[in-house]
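how does the following fold in three dimensions:
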Amino acid sequence: MNNILLYLTTVLIWGTTWYAIKLQLTEVPIEWSLVFRFALAAALLFAYCLATGRKLKFPLSDHKIFITLGFFLFSVNYYCSYRGVELLTSGLVAVVFSTLSIMNILNAAIFLKRPLEPRVLGAALIGMGGIGLIFLPELESFSLSDGTIIGIGVTLFGTWMASMGNIVVASERARALPLIRLNAWGMLYGVIFITGYTLATGVPFAFDTSATYLGALAYLSVFGTIVAFLCFLTLIKRIGAERAGYNAIGWPVVALLISTMLEDYQWTTPALAGLVMVLGGNVLVLRLKARAVPENAAAAAE
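The predicted structure follows:
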């Protein structure tokens, strides 16, 4: 699959998961919904590996990477993001999470010693500006209440954790690992972290057997977790965390297009201008020449 198709697949899937997550906001605590989501995804990935004869035994040094990925990308990141949705409007969450593009650029420079690329940084700033215009009405009514401050802080922290997970995948050692098994082990450790926290904090167990909840769970586990992360992490291996992270700016646009069809969202002139900026930033990022990927990393994509 070429990079543009990987990129678009990730944006389209994660842009639709916002709606699926809303369908899961029932009597089931978000902690347990996350446990169910990643447990099902991990189980399916391990079952696939066993059915296709893929080796699941790795040395301790590799498990350190799996554990780190599970902590950053498949547990704390999502817990903070879900909590942020409870405290902030969807537009403000989208604006805050769009900072992932900038965080990836800065973290890659700090931890991977990558040079800062002005054109990538410029594209990220253009995209963030576009997101700001799209959600201008919500930003204009913004007030620094206690809940808003906490929500922004939690969402920013979750975004930074997601960025650190991206950097782990972009590291030389992780890029050499088989991607499907990297995801499987990372998700398993993520489930362990989330389950441990949920039990330690005494969150009551609950499960919803309604068709709506189960359908959302299946979609989030299979497409929002397995398919999207395989595409996204492959993209990180191929073009770097800096460029791949730009798709965090594309997700809210897809979510709004869905809202236009299902919830009668009305586009304004600033929102349309913002959409043009986001699309322009996407084109700029995808046209930039990607760094060469080591042969072992390319082979590890499975």
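
going by C-alpha atoms from here, please, whenever you check contacts or count neighbours.
Will do.

longest helix of the protein, counting residues only.
helix 146-170 (DSSP state H).

what separates it from the chain centre, distance-wise?
Centroid displacement of helix 146-170 relative to its chain, using CA atoms, centre = their mean, to the nearest Å, is 11 Å.

over to stretch 194-206?
For stretch 194-206, the distance to the chain centre is 23 Å (CA atoms, centre = their mean).

name the residues of that stretch that are buried.
Neighbour counts over stretch 194-206 (16 or more other CA atoms under 10 Å) mark 194-195, 198 as buried.

picking that back up, and the longest helix of the chain, what does it pack against?
Packing partners of helix 146-170 (3 or more CA pairs under 8 Å, 6 or more residues apart in numbering; DSSP states H and E): helix 60-71, helix 77-87, helix 90-97, helix 100-111, helix 228-244.

quick check: next helix or strand after the longest one?
It refers to helix 228-244. helix 247-262 (DSSP states H and E).

now that following helix against helix 100-111, angle please.
Interaxial angle, helix 247-262 versus helix 100-111 (axes from the mean of the first three to the mean of the last three CA atoms, to 10 degrees): 170 degrees.

who are the packing partners of helix 247-262?
helix 3-23, helix 90-97, helix 100-111, helix 118-134, helix 269-287.

secondary structure class for Ser143?
coil (DSSP: H, G, I helix; E, B strand; the rest coil).

neighbours of the residue lying closest to Tyr246 once chain neighbours are set aside, how many?
With CA to CA, 6 or more residues apart in numbering as the criterion, Tyr246 has its nearest non-adjacent residue at 4.8 Å, and that residue is Ser101. Neighbour count for Ser101, taken as other CA atoms under 10 Å: 27.

winner for burial among the helices and strands packed on helix 146-170?
helix 228-244 (a mean of 24; mean count of other CA atoms under 10 Å).

same list (the buried residues of stretch 194-206) but as a markdown table, adding distance to Lys57, pLDDT and secondary structure.
Listed next are the buried residues of stretch 194-206 as a markdown table, based on distance: CA to CA, whole Å; pLDDT from 0 to 100; DSSP: H, G, I helix; E, B strand; the rest coil:
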| residue | distance to Lys57 | pLDDT | secondary structure |
| --- | --- | --- | --- |
| Ile194 | 23 | 97 | helix |
| Thr195 | 23 | 98 | helix |
| Thr198 | 28 | 97 | helix |
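
about what we covered before: what are the contacting residues of the longest helix of the chain?
With CA atoms under 8 Å, 6 or more residues apart in numbering as the test, helix 146-170 has contacts from 65, 68-69, 72-73, 76-81, 83-88, 93, 96-97, 99-100, 103-104, 107-108, 111-112, 174-175, 233, 236-237, 240-241.
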